[in-house]
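*Asks:* Give me a model of this one.
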Amino acid sequence: MRPPRLLGAGGSRPPHLGLRAIALGGLGGFLAIGALTLLGSSLGVVLLLGSFGASCVLLFGYPEAPFAQPANVVGGHAICALLGLTALHVFGSQPWSLALAVGVSIAVMMATRTVHPPAGSNPVIVFLGHSGWGFLLYPVVSGAVILVLIALLFNNAVRKAPYPQYW
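*Replies:* A predicted model of the protein is given here:
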């Protein structure tokens, strides 16, 4: 008799990454969010987005992962914010239009091979903030590009493996 699927496949948890990798992941996230905060403040623009914290987990904790590659980070954030903005401004702030924006965002990221899981929350952020079209540039695209630039500098300075794995 087969065990129920809800019990899991019987696999094991991933191995412990080690103190160095853990410290570097935390330091990278600290530096990146700190830089976005300071830069945005000095320029008088918003460069922070709630989903960028989760992006930092991938960029600095798991930089070799496909979801942490530059095209995925920038493309995923741009696609999801654009689709969220489109749904909000075309259909209005309705539960079904938000759900549509999230579902279509997932499908488009998958179709374009730019899946970045943190970006899936961008339509929700757009709807909660009733964002205007300028949101796409500030903070979404500009912030995502800056995060990738920081990841390029940081990961290549402190890790043996090159970042990115691909463009």
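
*Asks:* the helices in the chain, which residues?
*Replies:* 19-43, 50-56, 70-91, 95-112, 122-129, 142-158 (DSSP state H).

*Asks:* okay, the ones you listed in a markdown table with mean neighbour count and mean pLDDT next?
*Replies:* C-beta: built from backbone N, CA, C; applies to glycine. Listed next are those as a markdown table, based on neighbours: other CB atoms under 10 Å; pLDDT from 0 to 100:
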| stretch | mean neighbour count | mean pLDDT |
| --- | --- | --- |
| helix 19-43 | 15 | 98 |
| helix 50-56 | 21 | 97 |
| helix 70-91 | 22 | 98 |
| helix 95-112 | 16 | 98 |
| helix 122-129 | 21 | 98 |
| helix 142-158 | 19 | 98 |
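
*Asks:* would you list those in JSON lines and tack on distance to residue 136?
*Replies:* As requested, the helices of the chain are exported to JSON lines (distance: least, CB to CB, whole Å):
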{"stretch": "helix 19-43", "distance to residue 136": "16"}
{"stretch": "helix 50-56", "distance to residue 136": "14"}
{"stretch": "helix 70-91", "distance to residue 136": "5"}
{"stretch": "helix 95-112", "distance to residue 136": "13"}
{"stretch": "helix 122-129", "distance to residue 136": "9"}
{"stretch": "helix 142-158", "distance to residue 136": "9"}
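
*Asks:* Among the ones you listed, which comes closest to residue 5?
*Replies:* helix 95-112 (21.7 Å; CB to CB).

*Asks:* Could you name the helices and strands sitting against that closest one?
*Replies:* Packed against helix 95-112 by the contact rule (3 or more CB pairs under 8 Å, 6 or more residues apart in numbering; DSSP states H and E) you find helix 70-91, helix 122-129.
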